[in-house]
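Novice: Below are the sequence and a predicted model for it; my questions follow.
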Amino acid sequence: MTANSAKALVLPLAVLVAFEIWARATHLQSDSLAPPSEIVMALFGAFADLSILAATRDTLFSAFAGLAIGTTIGLAFGIAFGISDTLDRLMEVTVEAIRPIPSIALLPIALIALGFGYRMEIVIVAFACVWPVLILSRAAVRSIEPRLMEVARALRLPPAQRVWKIIIPAALPRIFVAFRLSAGIALIVAVTVEIAINPLGLGAGIMLAQQALRPDLMLAYLVWIGVIGYALNILLVVAQIRLFGRAALSGDSA
């Protein structure tokens, strides 16, 4: 751990210690709050009975399956729109009309069509993940150096080879940024669907703890979701640095 990382932990730890002292001093009795020490004990208990691990498996399965499907669809359409101005103009109104629809608004339709379970959650996660990949991959394709496209035409590469050998390698750094963004969205949407309606995964665990008047367990689930999200982002950042170098991170904000 670097010095900067240690300094970044000072404030959160100080807040937790202060809240623990206040909760003990006031003999906190609440249906929504619990001392940090009780949250930690509840988290250990959930690991001991394996309930949180089973919920994590369900949530990550839905999130990653939806992410894979949404990324594939978004990448295919993004590349197609980036290559063809005509197709982009034809689909612009349709895309811009559908894209602002909140993924959670699809819950009633998905529930009627697919019922409870993995399929409904995967479809909603996939819908949410399509748009970041589509928009950023389209922009990435359009920003490719024109000389690369001239080389492809000079070599008389067929469209499939042009995409595979020229377009995807040139646009890959920005496509990976879109994938990172969609990965976070996938986890958020999966948990939200579980909280709202789907009786499985970490979101359902939060609701069960809330209904059982276990604020310590409810907050333990929230903490664990945060840990998963943070770990997922760290893994993707490391992969991005390994694949494209640190310069790719500075390009995220560009």
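Specialist: Received the coordinates, thanks.

Novice: Which of the helices or strands spans Ala54?
Specialist: helix 51-83 (DSSP states H and E).

Novice: Output the below-cut-off pLDDT ranges for this structure.
Specialist: For the chain, the stretches with pLDDT under 70 are 1-6, 246-254.

Novice: where do the helices sit along it?
Specialist: Per DSSP state H, the chain carries helices over the ranges 3-25, 36-48, 51-83, 85-98, 107-114, 118-142, 146-154, 159-162, 168-196, 201-211, 215-244, 247-250.

Novice: CSV for those, including mean neighbour count?
Specialist: (C-beta placed from N, C-alpha, C; glycine too.) Converted to CSV, the helices of the chain look like this (neighbours: other CB atoms under 10 Å):
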stretch, mean neighbour count
helix 3-25, 11
helix 36-48, 16
helix 51-83, 21
helix 85-98, 11
helix 107-114, 14
helix 118-142, 23
helix 146-154, 12
helix 159-162, 12
helix 168-196, 21
helix 201-211, 20
helix 215-244, 16
helix 247-250, 12
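
Novice: Let me know the angle separating the helix holding Ala54 from helix 118-142.
Specialist: 40 degrees (axes from the mean of the first three to the mean of the last three CA atoms, to 10 degrees).

Novice: tell me which strands and helices helix 51-83 is in contact with?
Specialist: Contacts defined by 3 or more CB pairs under 8 Å, 6 or more residues apart in numbering; DSSP states H and E place helix 51-83 against helix 36-48, helix 85-98, helix 118-142, helix 168-196, helix 201-211, helix 215-244.

Novice: so Val151 makes contact with Ile166?
Specialist: Yes - using CB atoms under 8 Å, Val151 is in contact with Ile166, at 7.3 Å.

Novice: coming back round to it: out of the helices and strands packed on helix 51-83, flag the one nearest Arg162.
Specialist: Nearest to Arg162 among the helices and strands packed on helix 51-83 is helix 168-196; the distance by CB to CB comes to 9.7 Å.

Novice: Which strands or helices does that closest one pack on?
Specialist: Other helices and strands packing on helix 168-196, by 3+ CB pairs under 8 Å, 6+ apart, are helix 51-83, helix 118-142, helix 201-211, helix 215-244, helix 247-250.

Novice: Apply 7 Å and report the result again.
Specialist: When contacts are defined as 3 or more CB pairs under 7 Å, 6 or more residues apart in numbering; DSSP states H and E, helix 168-196 sits against helix 51-83, helix 118-142, helix 201-211, helix 215-244.

Novice: Let's have those in JSON lines, adding distance to Arg24.
Specialist: Listed next are the helices and strands packed on helix 168-196 as JSON lines, based on distance: least, CB to CB, whole Å:
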{"stretch": "helix 51-83", "distance to Arg24": "25"}
{"stretch": "helix 118-142", "distance to Arg24": "39"}
{"stretch": "helix 201-211", "distance to Arg24": "22"}
{"stretch": "helix 215-244", "distance to Arg24": "14"}
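
Novice: right, so of those helices, which gets closest to Leu33?
Specialist: Per CB to CB, nearest to Leu33 of the helices and strands packed on helix 168-196: helix 215-244, 5.9 Å.

Novice: so that closest one versus helix 168-196, what angle?
Specialist: Using the same axes, to 10 degrees: helix 215-244 against helix 168-196 is 170 degrees.

Novice: which helices and strands sit right next to helix 215-244?
Specialist: Against helix 215-244 (3+ CB pairs under 7 Å, 6+ apart) you get helix 36-48, helix 51-83, helix 168-196, helix 201-211, helix 247-250.

Novice: can you redo the ones you listed as CSV with distance to Val130?
Specialist: As requested, those are arranged in CSV below (distance: least, CB to CB, whole Å):
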stretch, distance to Val130
helix 36-48, 33
helix 51-83, 4
helix 168-196, 8
helix 201-211, 21
helix 247-250, 23
